[in-house]
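**Student:** One predicted model, sequence on top.
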Amino acid sequence: MVRGSKKPRFGILDVIVLAAAIAAVAYVTYRVDSVLVYTWDWSAIPGYLFRYDEDLGHWVPNLLIKGLITTIRISIWALIVASIMGTILGVMRTSQRLLPRLIGWAYVEFIRNIPPVPFLFLFYFFISSQIIPLLNIGSALDQASPATLGVVEFLFGPANLIENFLSGLISLSMMSAAYIAEIVRAGILAVPKGQYEAGSSIGLSKLAIMRYIVLPQAIQRVVPPIAGQFITLIKDSSLVALISIQELSFLAMEIAISEQRFFEVWLFTGLMYFTICYACALAFGRLEKRMGRHLR
Amino acid sequence: QSVIEDIQARGKLVVGLSTFVPWAMRDKKGDLIGFEVDVARQLAEDMGVDVEFVPTAFDGIIPALLAKKFDVIITGMVQKPQRNLTVNFSHPYAYLTVGMAANKALAEKDGLETMEDWNSSDVTLTIKRGTAPGETAARLFPKAKVRQFDDDAQALQDVLNGNAHAFLTSEPKPAYYVIDNPDVLYHPFGVGPFDPSASAFAVRKGDPDALNFFNNWIQYRNLDGWLKSAHAKWFQNRDWKDQVE
Amino acid sequence: MAAMDYRWQWYRLPRAFYRVIDGELIWGPLIDGLLVTLEIAAWGMVLTLVIGLVTAVLRLSDSIAGRILAKVYLETIRNTPLLVQVSIFYFVLQPILGINNPLWTGILCLAFFEGSFASEIIRAGINSVSRGQWEASATVGLNRLQAYRYVVLPQAVPLMLPPLTGILVNLIKHSAILSFVAVFELTTEARNLIADTFLSFEVWFVVGGMYLVMTISLSSLVALLERRIRARG
Amino acid sequence: MIRIEAVNKWFDDFHVLKDIDLTVGAGEKVVVCGPSGSGKSTLIRCINRLESHEQGLIEVDGIELTDDNKRISEIRSEVGMVFQQFNLFPHLTVLENCTLGPIRARGLSKTDARALAMEFLEKVRIPEQADKYPSQLSGGQQQRVAIARSLCMRPKIMLFDEPTSALDPEMINEVLDVMTELAESGMTMLCVTHEMGFARRVADTMVFMDHGEIVEMASPETFFSTPKSDRCKDFLEKILHH
Amino acid sequence: MIRIEAVNKWFDDFHVLKDIDLTVGAGEKVVVCGPSGSGKSTLIRCINRLESHEQGLIEVDGIELTDDNKRISEIRSEVGMVFQQFNLFPHLTVLENCTLGPIRARGLSKTDARALAMEFLEKVRIPEQADKYPSQLSGGQQQRVAIARSLCMRPKIMLFDEPTSALDPEMINEVLDVMTELAESGMTMLCVTHEMGFARRVADTMVFMDHGEIVEMASPETFFSTPKSDRCKDFLEKILHH
Ligand SMILES: Nc1ncnc2c1ncn2[C@@H]1O[C@H](COP(=O)(O)OP(=O)(O)OP(=O)(O)O)[C@@H](O)[C@H]1O
Ligand SMILES: Nc1ncnc2c1ncn2[C@@H]1O[C@H](COP(=O)(O)OP(=O)(O)OP(=O)(O)O)[C@@H](O)[C@H]1O
Ligand SMILES: [Mg+2]
Ligand SMILES: [Mg+2]
């Protein structure tokens, strides 16, 4: 009767749940054939992953893989930037002084309550279009050697869209940072007060306490929700299609339209997202286990 | 300073477009092809510059033009007065007519025969967002419900699934769809296309030089027949189909 | 805006809210859309909580099938983009289940999406009630349902409220994605309006503001509710 | 009243209870002690099925404990339990804590349940706290509420799992006093505690457990003066020394 | 060594410390006791500035405690503190727990810090646990690590806040033994505890606090045999009775 007091077992609830699940699947399969007017054709998909290039004489990645790479590239960058911003904001939100706390709070509330599309537009067209040209990336890249250009393109994608990439990256990071800040804050608050006291009683400074005692413990609590946030970030990165970045869902859409094979492309793309997201979840799960070793 | 001078100075024409069969789409190699793409290539060639395409989601395309991310939008964009208040349009370089493909079973069930029958609040039509058929639907069937999708394929599927009665899009696609799905779809009032509209380049306001240049280029390429033959290549038949599928 | 030379045309916007024709007030598309979004939000919240609660309880149950089902549901929903889910719901499931109402398909889809996040919050809330509370309930003779009803949930709900608010705020924000399948909510209306007028910036800012008002009022409302619950406890 | 025969229990690979035999007669008071981790809590939690045993027989008031849910709830209604951590319901007042079981599980009317609760709150000497919330009480008061809450179910047997070890020193006695009174009123009691003064005063039988076994079982006089095993001797030394 | 004069402290409206005067000489051992909530913890937490006092003077080793951060850290490096809840750093091994302070606050090299830590871990008799994590230790072992961790900072004074009250009974003595040894080695100690056996053995001075005041201060002999105030008598009765 008491939760968790018994091992999982096979009971009446299982029978009900299983029956319901089987019935649902059976019903759907039955209706798929009779109701859905659609002829499935998956043959075109593989060609959009890789294609044989006659001129080069070897296989090259095609749109879906290119899109996937772009998605992964911007997600990783955004996670890095967002984690740094989020940590700073999260620490600010637990500060004892009012001003940093207020700034952190205002930032988080603003970002969390505004829908992504207006935010992206606001940021891209009004803020970054003023700032990023000042960096003079365009002309710098024009003069860059092919080797440098190669490195830059590997890191940030096609040279002509670098400004867009940076803007997209920063706005994604800013949105994600708000959520990460909340996670970090919760992680910090979950470290018991006694840890701070023990830290100061062995003579550590505030900074050292943060650095050696609080953050290491907070990070551990924070890994699972951050993993969730990273997955959300990967999925939400499709937003940057609005500013011309050719990421996975945008290219998938283009293929779907060109090919007129809407379901196949979307289902397959969904599967691609699932694969990377789930792999990510598994990786974080292992990380979490490793970090939690000493707590067992 | 006119954008024409920028293009010359840069040696590159930056064109914004979004995917729209057969105006601009991806071939099997992942490259852009389509009527639009041919037009832009020719335009750049005539200007003596390179061309760069920036495919962009339709929602982002106008802001990007206004923010000077593109020089011009060439994507089958239909002129409308309300739009023209925000951007400038060149002279038309292509004309669209609208066709309609309807769900046979649904139309029979609801007893839809004449044009008047179709103008009813029980009727649901689907279109691609931001295209000419939207106007057509509003004008011909003001009482009908209109669902707007991001793409033709979705709008078509909605009709195939029996969620909506008919699908309006620019010819010749409706004809093709009926040929592809003869059991489900039909043309409700004969095959005849109706309601022509014009597509044009979109440029930023306040740049008469650019407008003048594009207008005259279109007229020039109209007179020498190039536009007509390019249009024919993409719209008269589906020979390009095997490039895509 | 100097760098962009953009000429704001705010004066064209009021028509998007209302028009007066022959002395009769007709609501414009943005107001219509707002009402639909509110409807989606209201029903979506109810369904989200129901789905979240059921999933959480399944995951906490002793039943193997229940746990597996919940886990599969969670992983599928969480690791695929909402856009893909929406299109599958709309184009595949809707005709199969014969719902024939895009609005309800959309609400269901959103609820399944947010419900997966809600279930984790609800589960965490229930787990944070100490094991001793379950044991004490058992020793005073309550069965499992009664323990949930009288002991565990009353303690877990106040803990769950703040994170659940975040979910509900997301529900409102994510409802924008239904514009993809022609549900006439606020974003759809906005996008149609933009497609007709090309007033991208004006419309997006106004619509962004409308969402901001909705989400912030929701947060404040829940904060108020929370304070009242706390005051009682 | 309680009959435990050859009971064995494992947590995964860990053998917590090894061949436990123990009988508690009606009105008998048994005190269990032993080092931390020796299985004392597990043993008494098996008696009202908060844990299930894998081998052997546990019989309470003539009813054998099995997986059958009906029997479990029958037995639980005979057996009261008091925990180390009180486990009061923090969102309910003292009175509501005491009436929840009688109303929801016993089906008493509110008025009856309230009268009953007040009776027992008087017995543990805190009737005046009835409308407060647990967080407003001291630890000793909370534990007395927990005892009253159990008594409201009119159990025939009371189990105590270190009821005083989470208390501030000056509150221990107020709880022990209540327990002594309860013992004197004839209640059958099984008590895990290290309060040896209380044990001496109240216990009919002392049980010493170590590593999941019952190592020693004797009357208090023999137990404290002449423990047989070394383990028990050691333990008593450690615990009585300071 | 410690000089406290006319110290007052409030938590908002609540007057926790009322006109406290207390002096602890070098090598002196003072034991503080009193009912829960009487302000014992608050008092010793003021001494290393985990709480700040609002009125009066606290001087440690000749340095007055003010808001000045430099002085605070100077004083903290003279004063070691052991908490009821151990407060070990769960993400660090025992050895790392002990070397963190010496390395980061004292600037010792890793090797020196390690040698130092091992020395004190031997003193508290758990050198073999050096590479384990706190969660792998028993409560008594954890508390001994906490003591070693404090000693590694080579404090002149040690403060203890109920170091044994979160421990299982059979582990109390192993900690008290370590504390007794420390006392015998001449360390200045201020100890909040209710282990009266330990107090009798070790204390030079007993202090009884109630409601934020020092009610009684005497040598152990006088304190236990002839307490002056009724409050103190009551308290001792409650606590020694069982
Ligand atoms: N749910 C569980 N799963 C696995 N091991 C458990 C579980 N509960 C208890 N144990 C282990 O069983 C052993 C006996 O636990 P138990 O709580 O019965 O000891 P105890 O004698 O009550 O000790 P204490 O005096 O510390 O309360 C311990 O080693 C404990 O770690
Ligand atoms: N941070 C705080 N804010 C407000 N009140 C506090 C705070 N810390 C302690 N108190 C109150 O101050 C009083 C004295 O607390 P203190 O912890 O010093 O008591 P104590 O004598 O150590 O008691 P115990 O034996 O329970 O540890 C208590 O009534 C407590 O509720
Ligand atoms: Mg126990
Ligand atoms: Mg204290």
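**Tutor:** Good, I have the coordinates. Residues are numbered from 1 along each chain as shown, chains lettered A, B, ... in the order given. Ligands and ions are numbered 1, 2, ... in the order given.
**Student:** which residues in chain A form helices?
**Tutor:** Secondary structure of chain A by DSSP state H: the helices cover A:12-35, A:45-49, A:63-93, A:98-113, A:116-121, A:129-131, A:137-143, A:146-156, A:162-189, A:193-201, A:206-208, A:215-236, A:248-259, A:262-291.
**Student:** Tell me the buried residues in the last one?
**Tutor:** Within helix A:262-291, the residues that qualify as buried are A:262-270, A:272-274, A:276-278, A:280-281, A:284, A:288, counting by 16 or more other C-beta atoms under 10 Å in any protein chain shown. For glycine as for every other residue, the C-beta is placed from the backbone atoms N, C-alpha and C.
**Student:** before we move on, what about stretch B:77-97?
**Tutor:** Neighbour counts using 16+ other C-beta under 10 Å place B:77-80, B:83, B:86-94, B:96-97 of stretch B:77-97 among the buried residues.
**Student:** Check stretch D:93-109 too.
**Tutor:** Taking 16+ other C-beta under 10 Å as the basis for neighbour counts, the residues of stretch D:93-109 that come out buried are D:93-106, D:108.
**Student:** Do stretch B:183-190 and chain C come into contact?
**Tutor:** No. With C-beta under 8 Å from any C-beta of the partner chain as the threshold, stretch B:183-190 lies outside contact range of chain C, at a closest distance of 12.6 Å.
**Student:** pLDDT averaged over that stretch - what is it?
**Tutor:** For stretch B:183-190, the mean pLDDT works out to 82.
**Student:** List the neighbours of that stretch that are in contact with it.
**Tutor:** Contacts made with stretch B:183-190 from outside it, assessed by C-beta atoms under 8 Å, 6 or more residues apart in numbering or on different chains, are listed as A:37, B:99-105, B:107, B:112, B:114-115, B:118, B:159-160, B:166, B:174-175, B:177-178.
**Student:** One more: stretch A:220-229?
**Tutor:** Under the criterion C-beta under 8 Å, 6+ apart, residues A:82-83, A:176, A:179-180, A:183-184, A:186-187, A:190, A:280-281, A:284-285, A:287-288, A:291-292, C:78, E:91 lie in contact with stretch A:220-229.
**Student:** Apply 6 Å and report the result again.
**Tutor:** Residues outside stretch A:220-229 that contact it (C-beta atoms under 6 Å, 6 or more residues apart in numbering or on different chains) are A:179-180, A:183, A:187, A:190, A:281, A:284, A:288, A:291.
**Student:** which one of the buried residues of stretch B:77-97 is nearest chain D?
**Tutor:** For chain D, the closest of the buried residues of stretch B:77-97 turns out to be residue B:86, at 58.3 Å, with distances computed as C-beta to the nearest C-beta.
**Student:** Just the buried residues from the contacts of stretch B:183-190, in ChimeraX please.
**Tutor:** This is the ChimeraX syntax for the buried subset of these, where burial follows 16+ other C-beta under 10 Å:
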select /A:37 /B:99,100,101,102,103,104,107,112,118,159,160,166,174,177,178
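**Student:** which of the contacts of stretch B:183-190 come close to ligand 2?
**Tutor:** Taking C-beta under 6 Å from any ligand atom, there is no overlap between these and the neighbourhood of ligand 2.
**Student:** Just the ones in strands from the contacts of stretch B:183-190, please.
**Tutor:** Among these, the members found in strands (DSSP state E) are B:99-103, B:166.
**Student:** On the C-terminal side of the helix or strand of chain C with the lowest mean pLDDT, identify the next helix or strand.
**Tutor:** Every helix and strand of chain C was ranked by mean pLDDT, DSSP states H and E. The lowest is helix C:94-97, at a mean of 78. Scanning the chain past helix C:94-97 towards its C-terminal end, the next helix or strand to appear is helix C:102-128 (assignment: DSSP states H and E).
**Student:** Okay, buried residues for that following helix please.
**Tutor:** Using 16+ other C-beta under 10 Å, the residues of helix C:102-128 that count as buried are C:102-103, C:105-123, C:125-126.
**Student:** Give me the neighbour count for the residue nearest to residue A:182 when sequence neighbours are not counted.
**Tutor:** Once flanking residues are discounted, residue A:182 sits nearest to residue A:108: 6.2 Å by C-beta to C-beta, 6 or more residues apart in numbering or on different chains. Applying other C-beta atoms under 10 Å in any protein chain shown, we find 22 other residues in the vicinity of residue A:108.
**Student:** Likewise for the one 3 residues further on?
**Tutor:** Each residue near residue A:111 was counted by other C-beta under 10 Å, and the total is 18.
**Student:** tell me the contacts of it?
**Tutor:** When contacts are counted by C-beta under 6 Å, 6+ apart, residue A:111 is found next to A:175, A:178.
**Student:** mind checking pLDDT for it?
**Tutor:** Reported pLDDT at residue A:111 in the predicted model: 89.
**Student:** now residue B:194
**Tutor:** Note on residue B:194: pLDDT of 74.
**Student:** check which helix or strand covers the most centrally placed residue in chain C.
**Tutor:** Geometric centre of chain C, nearest residue: residue C:171, 2.4 Å, by C-alpha atoms, centre = their mean. Per DSSP H and E: residue C:171 is located in helix C:153-174.
**Student:** what helices or strands is that helix leaning on?
**Tutor:** Counting by 3 or more C-beta pairs under 6 Å, 6 or more residues apart in numbering or on different chains; DSSP states H and E, the packing neighbours recorded for helix C:153-174 are helix C:29-60, helix C:102-128, helix C:200-232.
**Student:** If we use 10 Å, what do you get?
**Tutor:** Counting contacts by 3 or more C-beta pairs under 10 Å, 6 or more residues apart in numbering or on different chains; DSSP states H and E, helix C:153-174 packs against helix A:98-113, helix A:116-121, helix A:162-189, helix C:29-60, helix C:102-128, helix C:200-232.
**Student:** Now do that helix, average pLDDT.
**Tutor:** Mean predicted confidence for helix C:153-174 is 88.
**Student:** And for stretch C:130-146?
**Tutor:** 90.
**Student:** Using PDB, write out every CA atom in it.
**Tutor:** In PDB, the C-alpha atoms belonging to stretch C:130-146 read as follows (Å, rounded to 0.1, in the frame of the first residue of the first chain):
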ATOM      1  CA  SER C 130       8.200  12.700   2.700                       C
ATOM      2  CA  ARG C 131       7.700   8.900   2.800                       C
ATOM      3  CA  GLY C 132       6.800   9.300   6.500                       C
ATOM      4  CA  GLN C 133       3.500  11.000   5.400                       C
ATOM      5  CA  TRP C 134       2.500   8.000   3.400                       C
ATOM      6  CA  GLU C 135       3.400   5.700   6.200                       C
ATOM      7  CA  ALA C 136       1.500   7.800   8.800                       C
ATOM      8  CA  SER C 137      -1.500   7.800   6.400                       C
ATOM      9  CA  ALA C 138      -1.400   4.000   6.200                       C
ATOM     10  CA  THR C 139      -1.200   3.600  10.000                       C
ATOM     11  CA  VAL C 140      -4.300   5.700  10.600                       C
ATOM     12  CA  GLY C 141      -6.000   3.400   8.100                       C
ATOM     13  CA  LEU C 142      -6.300   5.500   5.000                       C
ATOM     14  CA  ASN C 143      -6.100   3.700   1.700                       C
ATOM     15  CA  ARG C 144      -3.900   4.900  -1.100                       C
ATOM     16  CA  LEU C 145      -6.500   7.000  -2.800                       C
ATOM     17  CA  GLN C 146      -7.400   8.700   0.500                       C
END
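**Student:** centre of the chain versus that stretch, how much separation?
**Tutor:** Distance of stretch C:130-146 from the chain centroid (C-alpha atoms, centre = their mean, to the nearest Å) equals 33 Å.
**Student:** Is there any residue in it that contacts chain D?
**Tutor:** Yes. Contact of stretch C:130-146 with chain D is found when judged by C-beta under 10 Å from any C-beta of the partner chain, involving C:130-144, C:146.
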